[in-house]
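got a predicted structure plus its sequence, pasted below:
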Amino acid sequence: MDGRYWAWLGVRLIVGVVLVGWAFSYLSPGNGNGEKEFQRTLDALKQVHSVRAENTSVQSATQNTDMLWEVSCEQDAYRYKWHAVGNGSEITRDEMHVGNLEYDRQSDDSWALGKNGSGGTTPKALCSRITQGDAGMMPAIGTMIKRGILQKGDKKTVSGVRCREWHVTLRGIGGLEHDTVCLGVDDHLPYEVVSSWQNSHTVYSDYNSLPLALPEAAVQAASATSSSN
């Protein structure tokens, strides 16, 4: 009787250890295949030199924001457009950043040099942050690898590209943040991010195939610089 009891107890202890180990590996940040897949994404982002990102966030029933980024690192330029509604007001901005200069879209669709001449993040700085996987316009892949709980989801199609959803849980300022990131099946790049923070939805497209129509003043300046060299 004692022998059977101790044998049964040993089996229960072994099973318990296995279950605890499985649960820990499943719930730990950066677990298993998720960490490997997100590392592939981090590596793929290092090769990105142009991308379009369209974001919509809903802060409340009366507050929402739409944003557009179009980045062309080879042209040392990006466009940033946003439209915000809230507190009874509405604001629209359309900026083109070329090198260290900022141009603002006018009512007749022309571009004029910004009042301060420059402002915001430079294209070089933004492109550098994209390749690091932690730019504000891109999902924080580096942070997700380090601190996220990654769970594999289903496949879907976004912007004509087949991608797989990954459910990510992160601890944010206001508690747990839940994101769903859809990574390309073939190229591992992010194509969609849905976040519980501010009910945000972002779609990515045109990787490495997005030339920008630069303001004429910027084109002339670049031409003059090229001629002088």
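Nice, thanks for sending it over.

ok, and for stretch 165-182, which residues are buried?
Neighbour-count burial for stretch 165-182, counted by 16 or more other CB atoms under 10 Å, picks out E165, W166, H167, V168, T169, L170, D179, T180, V181, C182. Backbone N, C-alpha and C define where each C-beta goes, glycine included.

for the closest residue to L212 other than its chain neighbours, list the residues it contacts.
The spatially closest residue to L212, leaving aside those adjacent along the chain, is S72, at 4.7 Å (CB to CB, 6 or more residues apart in numbering). Residues near S72 by CB atoms under 8 Å, 6 or more residues apart in numbering: H49, S50, Y78, P123, L210, P211, L212.

got the phi/psi numbers for the fourth one?
Which is P123. For P123, the backbone dihedrals are phi -60, psi -40 (criterion: degrees, to the nearest 10).

picking up where we left off before, now the residue nearest to L212: how far from T180?
Distance of S72 to T180, computed by CB to CB, to the nearest Å: 28 Å.

same check, this time on Q198
Q198 is 15 Å from T180, by CB to CB.

also D94?
Using CB to CB, one gets 29 Å for the distance from D94 to T180.

thinking again about what came up before, of the buried residues of stretch 165-182, which belong to strands?
Assignment to strands by DSSP state E places the following of the buried residues of stretch 165-182 there: E165, W166, H167, V168, T169, L170, D179, T180, V181, C182.

any idea how far the residue nearest to L212 is from Y78?
In terms of CB to CB, S72 sits 7 Å off from Y78.

overlap in contacts, these two.
In the contact map built from CB under 8 Å, 6+ apart, the residues linked to both S72 and Y78 are P123, L212.

so what strands line up beside whatever helix or strand S57 lives in?
Under the criterion DSSP states H and E, the helix or strand holding S57 is strand 50-60. Strand 50-60 has its sheet partners listed here by DSSP bridges as strand 63-72 (antiparallel), strand 200-205 (antiparallel).
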